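Chemist: pasted the sequence and its predicted model underneath.
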Amino acid sequence: MIQCTLCDRLVLGLAGHDWTALPWMVAPGTGVPPGPCHVRCLEDLGCAGAWAEAVEAYHCRRWPLWLAGVDAGVRWRLHGSRAARRFHLWRSDGRLSSFPYADLTATHPLRLSTDLAEIGTAHAATLLTAMGTDAEGVAVPLTSVITALRLADRYPRLAGTLTRHLRPAGPDTTDVLAARHTLPLSPSCRRAAHHLMRSPW
Ligand SMILES: [Zn+2]
């Protein structure tokens, strides 16, 4: 079971809503221990911005190809990793995320696929109970799962589904719970993403 170091409640692993703070990311004096946590919990402590600042230099060093902007007072920097064909979105409000080039299409909004748990783990059992079904292929709205887990205040404005899938893994398959969920991107950030994908650098 993955628990938030700040509120002891479940951390689901959804881009832009939670994160695992590594020891070097934790700004001294913020009172944030290393480990998984909700971005909302960092906000409640008033240190989401300080935490984002602590990882800013790392993002710039690790992924030196980026475009930046400001939307509604939030600074952002979209880093492109050409080798991995992946974006890493840094935001000054701490809502960091990472997603593959392939998830960016002309359609609005951006939808990500994330495997949350493998069937057989305690984490999956908790999620299945919250879903109210263990049938394969049934897409349960994430909002109802999150409400059943009493996490609605930690995962606000989240649209999507949670589904039990058999996922090919080499010659075998793994039985997983996969989320399809939205990640809001501003029009300027979306333009930056398309530009980064097309640029020859
Ligand atoms: Zn929390």
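Modeler: On my side now, so go ahead. Bear in mind the structure is a predicted one, so any value in this text is a computation, not a measurement. Numbering: from 1, shown residues only.
Chemist: mind exporting stretch 145-158 as CSV, just the C-alpha atoms?
Modeler: Provided in CSV are the C-alpha atoms of stretch 145-158 (Å, rounded to 0.1, in the frame of the first residue of the first chain):
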residue,chain,number,x,y,z
VAL,A,145,-13.5,5.2,-7.1
ILE,A,146,-11.9,8.3,-5.5
THR,A,147,-15.0,9.1,-3.6
ALA,A,148,-15.2,5.6,-2.3
LEU,A,149,-11.6,5.9,-1.1
ARG,A,150,-12.5,9.3,0.5
LEU,A,151,-9.8,11.0,-1.6
ALA,A,152,-12.0,13.5,-3.5
ASP,A,153,-10.2,16.4,-1.8
ARG,A,154,-6.8,15.1,-2.8
TYR,A,155,-7.7,14.3,-6.5
PRO,A,156,-10.0,17.2,-7.5
ARG,A,157,-11.1,17.9,-11.1
LEU,A,158,-10.1,14.4,-12.3
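Chemist: which outside residues touch that stretch?
Modeler: Identification of contacts with stretch 145-158 by CB atoms under 8 Å, 6 or more residues apart in numbering yields 4, 7, 9-10, 12, 14, 17-18, 38, 40-41, 126-127, 129-132, 142-143, 162, 181-182, 184. For every residue, glycine as well, the C-beta is placed using N, CA and C.
Chemist: and the residue nearest to residue 88 when sequence neighbours are not counted, what is it in contact with?
Modeler: What sits nearest to residue 88 in space, not counting adjacent residues and going by CB to CB, 6 or more residues apart in numbering, is residue 79, at 4.3 Å. By CB under 8 Å, 6+ apart, the contact set of residue 79 is 59, 60, 62, 63, 64, 65, 66, 87, 88, 89, 90.
Chemist: of the residues you listed, which is the most crowded?
Modeler: For the contacts of residue 79, the largest neighbour count, defined by other CB atoms under 10 Å, is 25 neighbours, found at residue 87.
Chemist: quick one on the thing from earlier: got JSON lines for the contacts of residue 79, with pLDDT and secondary structure too?
Modeler: JSON lines is the format used below for the contacts of residue 79 (pLDDT from 0 to 100; DSSP: H, G, I helix; E, B strand; the rest coil):
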{"residue": "59", "pLDDT": "92", "secondary structure": "helix"}
{"residue": "60", "pLDDT": "95", "secondary structure": "helix"}
{"residue": "62", "pLDDT": "94", "secondary structure": "helix"}
{"residue": "63", "pLDDT": "95", "secondary structure": "coil"}
{"residue": "64", "pLDDT": "94", "secondary structure": "coil"}
{"residue": "65", "pLDDT": "94", "secondary structure": "coil"}
{"residue": "66", "pLDDT": "96", "secondary structure": "strand"}
{"residue": "87", "pLDDT": "96", "secondary structure": "strand"}
{"residue": "88", "pLDDT": "96", "secondary structure": "strand"}
{"residue": "89", "pLDDT": "96", "secondary structure": "strand"}
{"residue": "90", "pLDDT": "96", "secondary structure": "strand"}
